[in-house]
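*Asks:* here's my sequence, what's the structure:
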Amino acid sequence: MTAIALEQIREARKRIEGRVLRTPLVSSSSLSARCGVPVHLKLETRQSTGSFKLRGATNAVLSLDDEARKRGLVTASTGNHGRALATAAQAAGTRAVVCMSALVPGNKVEAVRALGADVRIVGRSQDDAQKEVNRLVREQGLTAVPPFDHAAIIAGQGTIGLEIAEDRPEVELVLVPLSGGGLAAGVAAALKGALPNVHVVGVSMARGAAMYESLRAGQPVEVEELDTLADSLGGGIGLDNRYTFAMCRDLLDDVVLLTEDEIAEGIRHAFAQEGEIVEGAGAVGIAALLAGKVTPSGPTAIVVSGRNIDEARHRQIIDAGFGKVSLSGGRI
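*Replies:* Next up, the predicted model:
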């Protein structure tokens, strides 16, 4: 039995209804023609914060009691969760502190600040940022709202799976970006609860894929966080992981990894063929099909998780190609 039940995901949907968009699941004629099967894109890029993270953050904040909210909220983030929590906290009339590492792109940092959150830049990894979260909880009594390993977060992200199952009940394969596992675990739990025969594949980058390495090891392990075009997929899963490791182990049918070239090609395809600006983490499902890392045999859905890529970096990828994109020291 999964840690997060289908009923919890359904309750999350009721809780966040009217506060989060039901995003479109659109047909991709280019990918359908390439793969020879219907391929649809679940466009979480359309959320007001530019990513799926608003679902989980909103569900988590609304699940807290008044006292916990009044104390103020704190989280570690690679950018999108921080933006989502800042939005949910602002709506609830409470303070949010967002701790991020120096690897988080500047556009994501500034987007969180613009929502009134107190931003702390700490170290060069998600684990470093989490240490600051732990200190603030311990010393200031703030309420932690983790980015992925939290029941309400997972249930909120799982509402994406409910929508896919309702909109395309014939779907056989779903590709989901994989990082700490909140999105993949929630989507897989919802889909397999509603459509038991569906296959769910997690997609990550080859540079510092913490969940992949943990699944290989049979337990959560630490992995060096590296600069990558899929920056939102960076960070560890926590050695004390409570939910997402076991859920991803039990519910994902496979995990595939992508090179930086392949991720860049996914970004370019999304722009040129789908008319969508998509960040690296959001493009990995598209990239997996283009690279032949996954070969679908039936109707397929891809979770396109976010659009929050730095404008200059996106233009550089589109215009110059990946070979001229700097990763080390290349924050634009």
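*Asks:* what helices or strands is whichever helix or strand residue 129 is part of leaning on?
*Replies:* Following DSSP states H and E, one finds residue 129 within helix 126-140. Here helix 126-140 touches strand 73-76, strand 96-100, strand 143-144, going by 3 or more C-beta pairs under 8 Å, 6 or more residues apart in numbering; DSSP states H and E. All C-beta spots, glycine's among them, are computed from the backbone N, C-alpha and C.
*Asks:* what comes up buried for the second one?
*Replies:* In other words, strand 96-100. 96, 97, 98, 99, 100 (16 or more other C-beta atoms under 10 Å).
*Asks:* other SSEs contacting that strand?
*Replies:* Looks like strand 96-100 contacts strand 73-76, helix 80-92, helix 106-114, strand 118-121, helix 126-140 (3+ C-beta pairs under 8 Å, 6+ apart).
*Asks:* need these in JSON lines (columns: mean pLDDT).
*Replies:* Putting the helices and strands packed on strand 96-100 into JSON lines (pLDDT from 0 to 100) gives the following:
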{"stretch": "strand 73-76", "mean pLDDT": "98"}
{"stretch": "helix 80-92", "mean pLDDT": "97"}
{"stretch": "helix 106-114", "mean pLDDT": "96"}
{"stretch": "strand 118-121", "mean pLDDT": "98"}
{"stretch": "helix 126-140", "mean pLDDT": "96"}
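*Asks:* nearest to residue 271, of these?
*Replies:* helix 106-114 (16.8 Å; C-beta to C-beta).
*Asks:* which parts of the stretch 151-300 of the chain are strands?
*Replies:* Counting by DSSP state E, counting those that start in this stretch, the stretch 151-300 of the chain has strands at residues 173-177, 199-205, 254-258, 300-304.
*Asks:* direction included, what does the third one pair up with?
*Replies:* Right, the one you point to is strand 254-258. strand 199-205 (parallel) (DSSP bridges).
*Asks:* name the residues that touch the strand it pairs with?
*Replies:* 172-179, 181, 184, 187-188, 191-192, 211-212, 228-230, 233, 248, 251-260, 263, 280, 284-285, 287-288, 293-294 (C-beta atoms under 8 Å, 6 or more residues apart in numbering).
*Asks:* need the outlier residue of the chain, farthest from its centre.
*Replies:* residue 139 (29.3 Å; C-alpha atoms, centre = their mean).
*Asks:* in CSV: the helices and strands packed on strand 96-100, plus distance to residue 58.
*Replies:* Below are those laid out as CSV (distance: least, C-beta to C-beta, whole Å):
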stretch, distance to residue 58
strand 73-76, 12
helix 80-92, 5
helix 106-114, 16
strand 118-121, 20
helix 126-140, 19
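*Asks:* in the longest helix along the chain, what's buried?
*Replies:* Longest helix in the chain, counting residues (DSSP state H): helix 151-167. For helix 151-167, a neighbour-count test (16+ other C-beta under 10 Å) marks 151-165 as buried.
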